[in-house]
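[1] Starting from these lines, generate the structure:
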Amino acid sequence: MTLKTGLLLGAAIGIGMMAQPASAAEIKVLTTGAFKSVVVALVPEFEKATGHKVVVDNGTVGQLQKRVDGGETFDVLVLSPKGIEDYIKSGKIAAGSNARLAKVGVGVMVKEGAPKPDVSTVDAFKQALLKASTVGYIDPASGGSSGIYVAGLLDKLGIADQIKPKAKLQQGGHVSDLVKAGTAEIGIHQISEIVGQAGVTLVGPLPAEIQNYTVYVVGLSTAAKEAEAAKAFIRVLTGPSAAGVLKSKGMEGA
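    Numbering: from 1, shown residues only. The predicted model follows:
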């Protein structure tokens with residue numbers, strides 16, 4: 001990070017950290033896979049500034065909900081707006097701790113060096129998928145928001161039956177893994193899951209008429225063992241220091 005970013009992060013942590021006990025805390029952050037890169041990018045400066053340690057774990061929205069519902073402990077949770085809202089109602093997330101973090105659209109990728117298909121219009125996007133030998137995206141059954149949207153989009157566009165036989169489904173993680181391995185000729189995933197991934201190239205976002213934005217929201221666990229340290233990290237995620245990171249990861253401020 002630049003000196004300016006570091007100073008902004010220090011301001012985001014704020015005076016509240018001065019009141020923290022001298023002993024270092026360890027906080028556990030559960031985040032959706034698409035937002036993990038942002039969280040990880042902000043961790044080093046936070047740890048350096050506070051002495052606290054951040055443990056980051058990720059999964060699809062569906063996977064994380066199963067883990068939380070199963071009783072897994074955590075301090076900070078990054079999830080969908082509805083997921084956080086539901087956990088506030090059920091008492092797992094502290095009321096008033098929730099805040100919108102970012103939004104990201106869905107994009108198309110190909111293997112690095114491969115020709116880029118035209119996806120600038122809805123019809124061009126449809127033709128690109130129909131012409132591709134294989135199409136990769138997140139398995140909707142895994143609970144990934146982009147996979148659920150893509151499955152519905154294919155139905156809406158009337159090409160689900162044509163794509164199904166050549167679909168390559170990723171069980172969470174990165175669709176880019178399928179593309180760079182040559183398993184999928186074209187990959188569809190959230191832009192933040194394409195930008196910065198080795199071996200693939202972002203062709204472009206979905207056309208505006210069929211674009212879908214995923215919004216990420218953060219919340220504090222009501223059972224957080226290190227609540228004050230967790231609150232300080234949430235201030236970083238929602239503060240000015242996160243703005244540059246979001247942009248570099250293909251996201252927009254919420």
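[2] what about the helices in the stretch 51-200 of the chain?
    In the stretch 51-200 of the chain, the segments counted as helices under DSSP state H, counting those that start in this stretch are 61-69, 81-89, 122-131, 145-157, 160-163, 176-180.
[3] From the chain's centroid, how far away is the fifth one?
    Distance, stretch centre to chain centre, for helix 160-163: 27 Å (C-alpha atoms, centre = their mean, to the nearest Å).
[4] The first one now?
    In this view, helix 61-69 has its centroid 15 Å away from the chain centroid, taken as C-alpha atoms, centre = their mean.
[5] packing partners for that helix?
    strand 26-32, strand 76-79, helix 81-89 (3 or more C-beta pairs under 8 Å, 6 or more residues apart in numbering; DSSP states H and E). (Glycine included, C-beta is placed from N, CA and C.)
[6] Can you mark which positions in the first one are buried?
    Meaning strand 26-32. Buried residues in strand 26-32, counted by 16 or more other C-beta atoms under 10 Å: Ile27, Lys28, Val29, Leu30, Thr31, Thr32.
[7] Quick check: pLDDT value at the third one.
    So the one you mean is Val29. In the predicted model, Val29 carries a pLDDT score of 98.
[8] Which secondary structure state is assigned to the residue most central in space within the chain?
    Nearest to the mean C-alpha position of the chain, by C-alpha atoms, centre = their mean, lies Ala34 at 2.0 Å. Three-state call for Ala34 (DSSP: H, G, I helix; E, B strand; the rest coil): helix.
[9] Now for it: which residues touch it?
    Val104, Ser145, Ser146, Gln190, Ser192, Glu193, Thr214, Tyr216 (C-beta atoms under 8 Å, 6 or more residues apart in numbering).
[10] Quick check: it vs Val104, distance?
    Between Ala34 and Val104 the distance is 6 Å, computed by C-beta to C-beta, to the nearest Å.
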